[in-house]
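A.B. asks: Sequence plus predicted model, see below.
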Amino acid sequence: MSDGNSPMQRPPLLSLSGVHTHIGQYHILQGVDLDIPEGQLTMLLGRNGAGKTTTMRTIMGLWQASRGEIRFGGEPLNGVATPDIARRGISYVPENMGIFGALTVQENMHLAARSGPMDTARLDWLFEVFPALKKFWKSPAGSLSGGQKQMLAIARAVIEPSRLLLIDEPTKGLAPAIVSALTSAILQLKSFGATILMVEQNFAMARAVGDTVAVMDDGRIVHRGLMADLAADKALQERLLGLSMDMHQ
Ligand SMILES: Nc1ncnc2c1ncn2[C@@H]1O[C@H](COP(=O)(O)OP(=O)(O)OP(=O)(O)O)[C@@H](O)[C@H]1O
């Protein structure tokens, strides 16, 4: 990008340099270089098994990087324990969402508020972004639809102010109408200046919310650029992503 004021040219909020991760005997991440610019949504795309979830888990300290460097806000993250990484301001919404089905929406939110009672102003803001949470506040989380559960999972991750939000495949298994409600919620989060790294297989969602994009293959980043440029280039999509993305939604 040529614009000298571009956010891509400010120091990244999070950077991975030459990161390798082994899981048991398997060498999964093989030198990941990835920058997450502040105030933007970075899409992490790639075929199944490319290493996207492993990248998120490595950032969170759930897998240890065996080589390379991870820096957050200029500070090294290697070797920092997961709860401390969360305390430094990285929130993670894993693919399985990690919500408690037997507890109410309110109780789920309460458990996520680490610093004590939930801040009312922040809760009002969350109800604005995710209106379903207000409607089902006293209902068991297990009775919510798939899309509402996903919204609860994201709301839990942002009940405490965080500096970076990692979201793994939020649209997985959701009907198209729900995907569009979730897309609106993510756009609203962005409008409040959130910095997000998101893994997604639904290309329509990726195109609608992504600012920058990184594509993984075989444990490495093989493409970086603007989401709009990838969205406009069918041949590049085909080459990088093959048929793994759902282009038709
Ligand atoms: N616990 C584990 N033990 C062994 N191998 C694993 C483990 N977790 C992931 N892998 C392997 O690591 C590779 C990358 O997996 P990862 O889940 O990071 O991929 P992904 O890009 O997120 O794919 P998907 O879209 O299928 O979730 C895959 O080959 C996977 O089989």
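C.D. replies: Structure received. Numbers count the residues shown, from 1 in each chain.

A.B. asks: Contact residues of the protein facing the ligand?
C.D. replies: 23-24, 26, 28, 46, 48-54 (C-beta under 6 Å from any ligand atom). From N, CA and C alone the C-beta is placed, and that goes for glycine too.

A.B. asks: Please report how far the nearest residue in space to Thr104 that is not next to it in sequence lies from Gly39.
C.D. replies: With sequence-adjacent residues excluded and distances taken as C-beta to C-beta, 6 or more residues apart in numbering, Thr104 is closest to Lys138, at 5.5 Å. To Gly39, Lys138 is 35 Å away according to C-beta to C-beta, to the nearest Å.

A.B. asks: for Asp168, same thing?
C.D. replies: Taken as C-beta to C-beta, the span from Asp168 to Gly39 is 21 Å.

A.B. asks: Between those two, which has more neighbouring residues?
C.D. replies: More neighbours surround Asp168 than the other of Asp168 and Gly39, with 22 against 13 (other C-beta atoms under 10 Å).

A.B. asks: now that one, which residues is it bridged with?
C.D. replies: Legend: beta-bridge partners of Asp168 under DSSP bridges are Val199.

A.B. asks: I figured it hits Val199, correct?
C.D. replies: Yes. If you go by C-beta atoms under 8 Å, Asp168 and Val199 touch, sitting 4.8 Å apart.

A.B. asks: Overlap of the contact sets of these two?
C.D. replies: 52-53, 56 (C-beta atoms under 8 Å, 6 or more residues apart in numbering).

A.B. asks: In TSV: those, plus secondary structure.
C.D. replies: Output for the shared contacts of Asp168 and Val199, formatted as TSV (DSSP: H, G, I helix; E, B strand; the rest coil):
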residue	secondary structure
Lys52	helix
Thr53	helix
Met56	helix
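
A.B. asks: I'd like those residues as TSV, with pLDDT and neighbour count appended.
C.D. replies: What follows is the shared contacts of Asp168 and Val199, written out as TSV (pLDDT from 0 to 100; neighbours: other C-beta atoms under 10 Å):
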residue	pLDDT	neighbour count
Lys52	97	24
Thr53	96	18
Met56	97	23
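
A.B. asks: In space, what's closest to Gly79 - neighbours in sequence excluded?
C.D. replies: Gln64 (7.4 Å).

A.B. asks: In contact with that neighbour: list those residues for me.
C.D. replies: By C-beta under 8 Å, 6+ apart, the contact set of Gln64 is 21, 58, 78-79.
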